[in-house]
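**Q** Have a look at this fold, sequence not included:
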């Protein structure tokens, strides 16, 4: 884990070297002041030469001004280093999430993912800056101060050093306890964020069922658990700080008492005594510095571990070795003995075999849970088949790069997802570099032009989160406009009109008919009237492709399709 962490320093090695060097010089300058004080008190003060003392003081002032410059570099550029590393980690985690398959998102809450990419990395920048730098400087200062104390009075220096092992053991003990506490705290933050995200996303359902009190109670439970975990964490920190404070103040009192005894017995000069007291404070300050790092360190380690867990999550759908980027697709699709299971012991699709010719419209119907949507989700490789193969124009889709495969497939769903932004931005998502004319042409073909012109801000109208300011039909037309702009040779329509009123559905069916023209199209529908003109209809059940044929052929056969038709229209 340490090796993985330090790999993030590589792009900023010169920034790290500058920061580290300035920190070392600043620490060395701190050690100069006690020695200068010793010289002034023992040598210059007895001589009574005010001019020499004045020059010595000006020299000390110069040293402190120089030290201030180095401290500025350390504070600014050190934090810049930490922020850069933190930003790189956030980018890497976001990039990795983009590559994960639908299976991952099926099993992970949005709030947990957001927490891992935000809160978990909140202290990484501080650790990246202060961790190696402060520990090295602390050890160097500790060693330097102790060496100077030995040179002044070795007996008092050794007596003072006895306390250090106790402080180190104390720090290690509390560091372990805080690592556990911070790990639990990050887990509770993730649950907390997931609860808020879930509630805000579903606020209309909450209020429609008048379940505000129930949600408040559940939120209070998560909030209380988070509060208790933070209290446990800060109790550990408080014990660590309090015990360390007592031990270090005890050392200061010990140095004052023993140093006085050595001065009275003329084993130390008064200047040496003053220098030793200052050095003992410098000697103890690295221990306080280490304690400060130890308070931040467990939080950073806990966050980095959770970050690594996310990065170590394999992308179970990814480009295979030697995958080719396809540039053109005709649209001949073959499902060859396809099997699929979400879980290992529960196969959903068994021996699915069918083909779709270029430009043909195939409708998939059947009972809910039969796997219609899953069959379509396998085509753009949102999931990978567990057995069998799917080919486009004779080429296995696993031999195509994911990007090029998905560029040639368009998906229009019943549950339209729109981004918070303008109509223009959401239509242009189908082709990010689309011109104004292309956007308007796509809007016209989706029968959206009159709707846009009626809006005061036209294409620049804000539609709200998930398109909340638009009706169901308007959202669906916008998604169709987006697809016209993408212009894929293969199209999947998943229950695209089932949630709309009859008039709106008729208008959108016209847009979908134009969209499907000349494209290989897979249509999933429960409302059989919408797919009676399909070139072929496949009846999907848990047994596989149970029936296939035209609308008239399947009605005449008297099978499952005929029963579904009667159930819808003979009531």
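**A** Arrived safely, thanks for sending. Here the structure is a predicted model, which is why all the values come from computation and not from measurement.
**Q** What segments of the stretch 51-200 of the chain are helices?
**A** 102-106, 110-117, 124-152, 154-161, 163-201 (DSSP state H, counting those that start in this stretch).
**Q** Can you lay out these as JSON lines showing mean pLDDT, mean neighbour count and distance to residue 307?
**A** C-beta here means a position set from N, CA and C on the backbone, and glycine is covered the same way. As requested, the helices of the stretch 51-200 of the chain are exported to JSON lines (pLDDT from 0 to 100; neighbours: other C-beta atoms under 10 Å; distance: least, C-beta to C-beta, whole Å):
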{"stretch": "helix 102-106", "mean pLDDT": "79", "mean neighbour count": "13", "distance to residue 307": "16"}
{"stretch": "helix 110-117", "mean pLDDT": "75", "mean neighbour count": "19", "distance to residue 307": "7"}
{"stretch": "helix 124-152", "mean pLDDT": "74", "mean neighbour count": "19", "distance to residue 307": "8"}
{"stretch": "helix 154-161", "mean pLDDT": "77", "mean neighbour count": "16", "distance to residue 307": "39"}
{"stretch": "helix 163-201", "mean pLDDT": "72", "mean neighbour count": "17", "distance to residue 307": "10"}
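**Q** Looking at these, spot the one closest to residue 494.
**A** helix 102-106 (13.4 Å; C-beta to C-beta).
**Q** Residues in contact with the closest one: which ones?
**A** 313, 316, 317, 342, 377, 382, 383 (C-beta atoms under 8 Å, 6 or more residues apart in numbering).
**Q** that older thread, so which of the helices of the stretch 51-200 of the chain is nearest residue 94?
**A** From these, taking C-beta to C-beta, the stretch that ends up closest is helix 110-117, at 6.1 Å.
**Q** How far away from the center of its chain is the closest one?
**A** 6 Å (C-alpha atoms, centre = their mean, to the nearest Å).
**Q** what packs against it?
**A** helix 50-99, helix 163-201, helix 270-311 (3 or more C-beta pairs under 8 Å, 6 or more residues apart in numbering; DSSP states H and E).
**Q** quick one on the thing from earlier: in CSV: the helices of the stretch 51-200 of the chain, plus distance to residue 409.
**A** Shown next, in CSV, are the helices of the stretch 51-200 of the chain (distance: least, C-beta to C-beta, whole Å):
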stretch, distance to residue 409
helix 102-106, 14
helix 110-117, 25
helix 124-152, 38
helix 154-161, 71
helix 163-201, 27
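**Q** list the contacts for residue 89?
**A** Contacts of residue 89 by C-beta under 8 Å, 6+ apart are 8, 121, 124, 307.
**Q** Identify the residues contacting the closest residue to residue 525 other than its chain neighbours.
**A** Distances taken as C-beta to C-beta, 6 or more residues apart in numbering put residue 531 closest to residue 525, at 4.6 Å, once the chain neighbours are dropped. Contact analysis of residue 531 by C-beta under 8 Å, 6+ apart lists 363, 365, 523, 525, 537, 551.
**Q** Now render those as TSV, adding secondary structure.
**A** Formatted as TSV, the contacts of residue 531 follow (DSSP: H, G, I helix; E, B strand; the rest coil):
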residue	secondary structure
363	strand
365	strand
523	strand
525	coil
537	strand
551	helix
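**Q** Pick out the lowest-pLDDT one from the residues you listed.
**A** Lowest in pLDDT among those is residue 525, which has 80.
**Q** these two touch, right, that residue and residue 365?
**A** Yes: using C-beta atoms under 8 Å, residue 525 is in contact with residue 365, at 6.2 Å.
**Q** Quick check: of the contacts of residue 89, which has the highest neighbour count?
**A** Taking other C-beta atoms under 10 Å as the neighbour criterion, residue 124 ranks highest of the contacts of residue 89 with 27 neighbours.
**Q** which of the contacts of helix 102-106 are buried?
**A** Using 16 or more other C-beta atoms under 10 Å as the burial test, the contacts of helix 102-106 include 317, 377, 382, 383 as buried.
**Q** possible to save these as JSON lines with distance to residue 227, secondary structure and pLDDT?
**A** Converted to JSON lines, the buried ones among the contacts of helix 102-106 look like this (distance: C-beta to C-beta, whole Å; DSSP: H, G, I helix; E, B strand; the rest coil; pLDDT from 0 to 100):
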{"residue": "317", "distance to residue 227": "40", "secondary structure": "coil", "pLDDT": "83"}
{"residue": "377", "distance to residue 227": "41", "secondary structure": "helix", "pLDDT": "89"}
{"residue": "382", "distance to residue 227": "40", "secondary structure": "coil", "pLDDT": "88"}
{"residue": "383", "distance to residue 227": "40", "secondary structure": "coil", "pLDDT": "89"}
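**Q** how about these in CSV, adding distance to residue 517?
**A** Listed next are the buried ones among the contacts of helix 102-106 as CSV, based on distance: C-beta to C-beta, whole Å:
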residue, distance to residue 517
317, 31
377, 24
382, 25
383, 29
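**Q** Now the two most distant members of the residues you listed.
**A** 317 and 377 (10.7 Å).
**Q** Please parse the protein into its domains.
**A** What the TED database lists as the domains of the chain is 1-312, 333-417+488-570.
**Q** What's the end-to-end length of the longest one?
**A** Counting by C-alpha to C-alpha, to the nearest Å, the length from the leading to the trailing residue of domain 1-312 is 12 Å.
**Q** Show the model's pLDDT score for residue 276.
**A** 74.
**Q** Next: residue 532.
**A** For residue 532, the predicted pLDDT is 80.
**Q** Ignoring the adjacent residues along the chain, who's closest to it?
**A** Nearest to residue 532 is residue 551, by C-beta to C-beta, 6+ apart, at 4.2 Å.
**Q** who does the closest residue to residue 413 other than its chain neighbours bridge with?
**A** Distance criterion C-beta to C-beta, 6+ apart; nearest residue to residue 413, sequence neighbours excluded, is residue 494 at 4.6 Å. Per DSSP bridges, the residues bridged to residue 494 are residue 413, residue 524.
**Q** from here on, count from 515
**A** All set: I'll call the first residue 515, so the last point we hit is now residue 1008.
**Q** Tell me if I'm right that residue 1008 and residue 930 touch.
**A** No: assessed by C-beta under 8 Å, residue 1008 is found out of contact with residue 930, at 10.6 Å.
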